[in-house]
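Q: Here is my input, please return the structure:
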Amino acid sequence: MFKQVYFEISGACNARCPFCVTGAGRRPQGRFIAPELFARALDRLLERGLIEAQTEIFLFNWGEPFLHPDLEKILACLNSRRVHFSLSTNASLYREFSPAMISNLQELSFSLPGFSQASYDRIHGFNFSTVKENIRRFADRLRQLDYGGRSQVFFHIYQFNLDEIAPARAFTRELGMEFFPYYAFIADYDRAKAYLQERLKVAELKELGENLLLADMADKVRRVPSTYRCPQYEILVLDEEVNILTCCYLPKGHAGYSCGSLFDDDLEACLAQRQNQPECAFCLTSGLSYLVHHPTAPEFCRVGSE
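A: Purely as a prediction, here's the structure:
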């Protein structure tokens, strides 16, 4: 039984993050899962004992869930089955919550690549004032509904936005949310692999060095504990076509991307295959898995950041 499931309901994202496989256009935009298929998948997971009501289903992976045209129906599928779920958004769009929509919502998180229009021009490509206003509207609406779950802001730290951490923290606290700053990393498996294997061209290295804090990445891959086990083995990841994915990091189109469908007859074989993918060996031995699963922030950010 899985305690966490990442279920992609939107194969599309409207952000243009240059270090993300989706935003950079290296992963093709996908579709939106139909509410009927999503309901069938939930029932399959429950019937096979792969999840329970206390399992937390994160309705995102590479996509932006608030783009889904039938988001209310998707949430109704979860709420009618009393299954816990979480949402994450880039806050480019505002969707009005009703009391019924959030009855089993455990966490709403917002992803920020900075706290200025200049930072948004470099990463997400959205109007920063609109994003701030949308986050305020979400916070106000959740307060009106007496929401008792978690609400938080994840702030991605780049070379160019270090001076924006303090105002972002103040904004978050003003809204009564938790604040989690952490170093941005290469959210693109093939590009991260090429970086670790020293195969990137000079121009690409220059771009990474001018934006990401590469010293943090180098430090993490050097200090992987000998007992480290990839957390993905304990997490189930499904895409919008209900494929069982090897992990949340391999991109669509990669040879090891999928291990089969949730509706395959031999479901146990599909699940077992997840732990025997050839690509896992590199990800573990290179330290890439540890890097991706252990986001950190500099000491001056961590103190009093919550």
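
Q: quick one, helices of the stretch 51-200 of the chain?
A: 71-80, 117-122, 128-144, 165-174, 189-196 (DSSP state H, counting those that start in this stretch).

Q: Redo these as CSV? Include mean pLDDT, mean neighbour count and distance to A269.
A: Every residue, glycine included, has its C-beta placed from N, CA and C. Below are the helices of the stretch 51-200 of the chain laid out as CSV (pLDDT from 0 to 100; neighbours: other CB atoms under 10 Å; distance: least, CB to CB, whole Å):
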stretch, mean pLDDT, mean neighbour count, distance to A269
helix 71-80, 98, 19, 27
helix 117-122, 98, 17, 45
helix 128-144, 98, 16, 42
helix 165-174, 96, 16, 45
helix 189-196, 96, 19, 24
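
Q: Could you export these as JSON lines, including distance to A53?
A: Listed next are the helices of the stretch 51-200 of the chain as JSON lines, based on distance: least, CB to CB, whole Å:
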{"stretch": "helix 71-80", "distance to A53": "10"}
{"stretch": "helix 117-122", "distance to A53": "38"}
{"stretch": "helix 128-144", "distance to A53": "22"}
{"stretch": "helix 165-174", "distance to A53": "30"}
{"stretch": "helix 189-196", "distance to A53": "33"}
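
Q: Quick one: closest of those to A15.
A: Between A15 and the helices of the stretch 51-200 of the chain, the shortest gap by CB to CB is with helix 117-122, which sits at 9.6 Å.

Q: centre of the chain versus that closest one, how much separation?
A: 21 Å (CA atoms, centre = their mean, to the nearest Å).

Q: And for stretch 55-74?
A: Remark: stretch 55-74 is offset 11 Å from the chain centroid, using CA atoms, centre = their mean.

Q: Can you give me the buried ones in it?
A: 55-68, 70-71, 74 (16 or more other CB atoms under 10 Å).

Q: got it, and stretch 150-160?
A: Across stretch 150-160, burial judged by 16+ other CB under 10 Å covers S151, Q152, V153, F154, F155, H156, I157, Y158, F160.

Q: At which residues are the helices of the stretch 201-306 of the chain located?
A: 202-211, 214-222, 267-273, 278-285, 288-293, 299-302.

Q: what angle separates the fourth one from helix 189-196?
A: This means helix 278-285. If you take axes from the mean of the first three to the mean of the last three CA atoms, to 10 degrees, helix 278-285 sits at 40 degrees to helix 189-196.
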